[in-house]
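Participant: Task: produce atomic coordinates for the following.
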Amino acid sequence: MARRCLNCEDRKGLTRFRGGTFTVGPAGQEVKVKGLSGWRCGACGEVEFDAESARRYAAAGDALVLRDRKRVSKEIRRIRRKLGLSQLAAARLTGGGYNIFCRYERGDVAPMPAVVKLLRLLEKHPALLKEIV
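Facilitator: Numbers count the residues shown, from 1 in each chain. Reported below is the predicted structural model:
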């Protein structure tokens, strides 16, 4: 039985490939993963990795997420300290609890983009801190 494309359901367009290189991540942060195998649809271009290649591709994406989370955690800690805020004060300022803010700074959880943007804005314009506290 022919393998059906999961995207366009074409039955005859899937071809096996081996040793392919694919890029993971957004522009400026991408990583190339080499030696991947799977099937490619000739009709729509969809790629379906075999189990080992899918695991390696996902692991590369996960590593990018963790690296970015670590970078952001260092940035918000640096900004908080520069503004002279405790973790509790920063948590209250951003509308969250103390525990979640601590987890942001440890890199356990990615903060909401609004939290990061607010802290970046306050870093550039620290006088605004008086208006929102």
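
Participant: going forward, measure contacts between C-alpha atoms and count neighbours the same way
Facilitator: Noted.

Participant: So if we follow the domain assignment, how does this structure break up?
Facilitator: As recorded under automatic domain parsing, the domains making up the chain are 1-49, 69-133.

Participant: Out of those, which gets the lowest mean score?
Facilitator: The weakest mean pLDDT among the domains of the chain belongs to domain 1-49, with a mean of 88.

Participant: Could you pull up the residues touching residue 106?
Facilitator: Residues counted as contacts of residue 106 (Cα atoms under 8 Å, 6 or more residues apart in numbering) are 70, 73.

Participant: Identify the residue spatially nearest to residue 66, adjacent ones excluded.
Facilitator: Nearest residue to residue 66 in three dimensions, chain neighbours excluded: residue 107, at 7.9 Å (Cα to Cα, 6 or more residues apart in numbering).

Participant: in whichever strand or helix holds residue 103, what's buried?
Facilitator: Applying DSSP states H and E as the criterion places residue 103 in helix 98-106. Buried residues in helix 98-106, counted by 16 or more other Cα atoms under 10 Å: 98, 100, 101, 102, 104, 105, 106.

Participant: Give me the next element, helix or strand, following that helix.
Facilitator: Sequence-wise, the next helix or strand downstream of helix 98-106 (DSSP H and E) is helix 113-124.

Participant: If anything else comes up later, I'll come back, but that's it for now.
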